[in-house]
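any chance you can model this:
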Amino acid sequence: MTTKQIEHALIQAPLRKYYPYPVPRDWLELCLEQQVSGLPDVESVMACFHRYSADRLLYDSPERYPWPHPVMYWIVLDMRTAMKNRNLSESELIQLAKRQLKTWSERVGLGEKIPTPVARITDNRRPPAPVRRFETQTSQMTGLAFRKAIQEKLSKVRANQ
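Okay, the predicted model is just below:
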C-alpha cells in the first residue's frame with residue numbers, strides 16, 4: 001500500500017458513514033480503490049459515463065470524444081453496451097464499473113498497455129437505401145396518372161353514396 005492509497009482511504013472513510021469506524025476489511029477496500037496503476041476511480045468513471053451519454057451525439061464517433069483517460073474509452077463503451085443489452089440500473093452500472101476497473105488494473109499490473117482509441121473503418125458493404133434510386137421521370141408520371149385515376153374513382157364512389 002502506498003501513502004496515496006492510505007490518504008484516499010482517510011478521506012473516503014467519513015463519507016461512507018461507517019459506524020463507529022471501518023473494520024480492517026473496509027479499510028483495505030478503501031485503500032485498494034485508489035489504484036496503483038493510475039487508473040481512475042469508480043466515481044470518475046461514472047461521471048465520465050454520464051457525461052459521454054449526454055454528449056455522445058455531438059461527436060462523429062466515440063473515438064473523437066475527448067476521453068480524460070484512455071481506459072475510459074474501453075470501460076464506458078462496454079458499460080453503455082451492457083446497459084442497452086441488459087437494461088442495467090445505476091447500481092448495477094456501478095458494480096460493472098468496479099469489475100471493469102479491477103479487470104483493467106489486473107491487466108495493467110501484468111504489464112499490458114492500455115490501447116489508445118483509434119478511429120474504425122466504416123462498413124461500406126451495405127448498399128445505399130433504395131429511396132428513389134431507380135425513379136425516372138416516366139415512372140414518376142405513370143405513378144401520378146395512377147394516383148389521379150384512383151382519386152377519380154374514389155370521388156365517383158363517394159358521390160354515389
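
run the chain-centre distance for stretch 39-58.
Put simply, stretch 39-58 sits 9 Å off its chain's centre (CA atoms, centre = their mean, to the nearest Å).

list the buried residues for it?
Leu39, Pro40, Asp41, Val45, Met46, Cys48, Phe49, Tyr52 (16 or more other CB atoms under 10 Å). Every C-beta, even on glycine, is put in place using the N, C-alpha and C of the backbone.

could you list the domains of this protein?
Using automatic domain parsing, the domains assigned to the chain come out as 1-34, 39-117.

among those domains, which is nearest Ser139?
domain 39-117 (36.0 Å; CB to CB).

secondary structure element for Ala159, which one?
Using DSSP states H and E, the element containing Ala159 is helix 137-160.

show me what that helix is packed up against.
Applying 3 or more CB pairs under 8 Å, 6 or more residues apart in numbering; DSSP states H and E, one finds that helix 137-160 contacts no other helix or strand.

only alpha carbons, please: show it as PDB.
Provided in PDB are the C-alpha atoms of helix 137-160 (Å, rounded to 0.1, in the frame of the first residue of the first chain):
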ATOM      1  CA  GLN A 137     -39.400  10.900 -65.000                       C
ATOM      2  CA  THR A 138     -41.500   8.400 -66.900                       C
ATOM      3  CA  SER A 139     -42.100   6.200 -63.900                       C
ATOM      4  CA  GLN A 140     -43.000   9.300 -61.800                       C
ATOM      5  CA  MET A 141     -45.500  10.500 -64.400                       C
ATOM      6  CA  THR A 142     -47.000   7.000 -64.600                       C
ATOM      7  CA  GLY A 143     -47.400   6.900 -60.800                       C
ATOM      8  CA  LEU A 144     -49.100  10.300 -60.800                       C
ATOM      9  CA  ALA A 145     -51.500   9.100 -63.500                       C
ATOM     10  CA  PHE A 146     -52.400   6.000 -61.400                       C
ATOM     11  CA  ARG A 147     -52.900   8.200 -58.400                       C
ATOM     12  CA  LYS A 148     -55.200  10.600 -60.300                       C
ATOM     13  CA  ALA A 149     -57.200   7.600 -61.600                       C
ATOM     14  CA  ILE A 150     -57.700   6.200 -58.100                       C
ATOM     15  CA  GLN A 151     -58.700   9.600 -56.800                       C
ATOM     16  CA  GLU A 152     -61.300  10.000 -59.600                       C
ATOM     17  CA  LYS A 153     -62.800   6.500 -58.800                       C
ATOM     18  CA  LEU A 154     -63.000   7.400 -55.100                       C
ATOM     19  CA  SER A 155     -64.700  10.700 -55.800                       C
ATOM     20  CA  LYS A 156     -67.300   8.900 -58.000                       C
ATOM     21  CA  VAL A 157     -68.000   6.300 -55.300                       C
ATOM     22  CA  ARG A 158     -68.400   9.000 -52.700                       C
ATOM     23  CA  ALA A 159     -70.700  11.000 -55.000                       C
ATOM     24  CA  ASN A 160     -73.000   7.900 -55.400                       C
END
